[in-house]
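Predicted model and sequence follow; I will ask about them next.
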Amino acid sequence: MNDRDTRIHLYYWPMIQGRGEFVRLLLEEAGTDYVDVGRTDDGMAAMARFLGGEEPGALPFAPPFVRVDGTVVSQTANVLALLAPRLGLVPADEARRAEASQIQLTISDLVGEAHDTHHPIAGGLYYDDQRREAKRRAQDFVTARLPKYLRWLEDVLERNVASGGQWLVGRDLGYVDLSAFQVVEGLRYAFPNAMAKLEPELPRLVALRDRVAARPRIAAYLASERRIPFNQHGIFRHYPELDLPGARVPKKPKGTKKPQSPKTPKKARRSSKRRTRR
């Protein structure tokens, strides 16, 4: 480790977006120079040294965690609350910062419940070992919990008159808006049918998602190789059996015959044949 390196070092798994993606989006939007340590040659070993207590500083329970100015901080919402003021992505006053933290912690609850749809019994078991329980858990999530969370975010946007309903806290984009964007993206991947049903009720949240995606630095990041695609190893996983049923093609009533073209009179058919033979 180079103690003179003043860049922000993010420690997270290199093959998934997961909870680390909320931190990556903050760093990318800020345009700050950072190191995604897990994706470097010695990344996994370096992360293991921290988790094993071999490095100085607070002991992280699990990734993501960051090292900045010699300080080690873990827990996604805590990391964001530390970095956002330094990077100008949270309002300056204390009350607004507390509101942003409140929203981020609630988003963390949503992320945890989304994860537990495919691992409701134990994180150490394979999905196939808990498929029946997952289906039952997911049914409640997509019909009750997911709508409750997303409608709450919609209400928060509506109440924020300072931004005209465009951002969650204050007048301008902040880190919680980036997190809301990531949640919508992840849920669209994991539960496309449930989201297709819900999104017409969430015009402000969908518009926020679109505004974030269009920001130059975020757009460049999303188009780059740094953005890891969603996959079946992260928090948001797509198992069709856990989603709401998709739109069904209506069946034809029994006894309905296929429409036929109007018959050509015999005389006309003979005339047509004669003309063809000439």
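Structure's in. What do you need? Residues are numbered from 1 along each chain as shown.

Please name the residues that touch the residue most central in space within the chain.
Among the residues of the chain, the one closest to the centroid is Gly186, at 2.7 Å (C-alpha atoms, centre = their mean). By C-beta atoms under 8 Å, 6 or more residues apart in numbering, the contact set of Gly186 is Gln17, Val111, Ala114, Phe230, Ile235, Phe236. Where you see a C-beta, it was placed from the backbone N, CA and C, and this is true even at glycine.

With Ile228 as the reference, measure out to the residue nearest to Gln104 when sequence neighbours are not counted.
Using C-beta to C-beta, 6 or more residues apart in numbering and skipping the chain neighbours, the partner closest in space to Gln104 is Ala77 (4.5 Å). From Ala77 across to Ile228, the span is 21 Å (C-beta to C-beta, to the nearest Å).

if we can go back for a sec, if I pick the residue nearest to Gln104, what's in contact with it?
Ser101, Gln104, Leu105, Ile107, Ser108 are the contacts of Ala77 under C-beta under 8 Å, 6+ apart.

so which of the residues you listed comes closest to Pro203?
Distance to Pro203 across the contacts of Ala77 (C-beta to C-beta) is lowest for Ile107, with 19.3 Å.

can you pull out the strands in the stretch 1-150 of the chain?
With strands called from DSSP state E, counting those that start in this stretch, the stretch 1-150 of the chain shows them at 8-11, 34-36, 65-68, 71-74.

So for Ala45, which of those strands sits nearest?
Closest approach to Ala45 among the strands of the stretch 1-150 of the chain (C-beta to C-beta): strand 8-11, 11.3 Å.

Give me the contact list for the closest one.
20, 23-24, 27, 32-38, 43, 46-47, 50, 60, 63-68, 83.

what's the answer for stretch 153-167, then?
103, 168-174, 177, 180, 201-205, 207-208, 211.

How about Ala30, nearest residue that isn't a chain neighbour?
Leu87 (3.8 Å).

looking at it, the one you found is touching Thr32, isn't it?
Yes: between Leu87 and Thr32 a contact is recorded at 6.1 Å, counting by C-beta atoms under 8 Å.

Those two - which one has more neighbours?
Leu87 (16 against 13; other C-beta atoms under 10 Å).

got the contact list for the more buried one?
Leu26, Leu27, Ala30, Thr32.

Give the burial count for the second one, as a bare number.
Same thing as Leu27. Residues near Leu27, counting by other C-beta under 10 Å: 23.

List the contacts of the closest residue in space to it that isn't next to it in sequence.
In space, and not counting its chain neighbours, Leu27 is closest to Tyr34: 4.7 Å by C-beta to C-beta, 6+ apart. Tyr34 is in contact with Arg7, Ile8, His9, Leu10, Leu27, counting by C-beta under 8 Å, 6+ apart.

what's the helix or strand containing Met195 packed up against?
Taking DSSP states H and E as the criterion, the element that holds Met195 is helix 192-198. Here helix 192-198 touches helix 146-159, helix 175-190, going by 3 or more C-beta pairs under 8 Å, 6 or more residues apart in numbering; DSSP states H and E.

Which of those sits closest to Glu54?
helix 175-190 (30.5 Å).

how close does the nearest residue to Tyr189 once chain neighbours are set aside get to Thr117?
Residue nearest to Tyr189 in three dimensions, not counting chain neighbours: Phe230, with 4.4 Å by C-beta to C-beta, 6+ apart. Using C-beta to C-beta, one gets 15 Å for the distance from Phe230 to Thr117.

more crowded one of the two?
Thr117 (26 against 19).

wait, doesn't the more buried one sit right on Arg137?
Yes: the criterion here is C-beta under 8 Å, and Thr117 meets it with Arg137 at 5.4 Å.

Quick check: the gap between the residue nearest to Gln104 and Lys135.
Relative to Lys135, and taking C-beta to C-beta, Ala77 is found at 30 Å.
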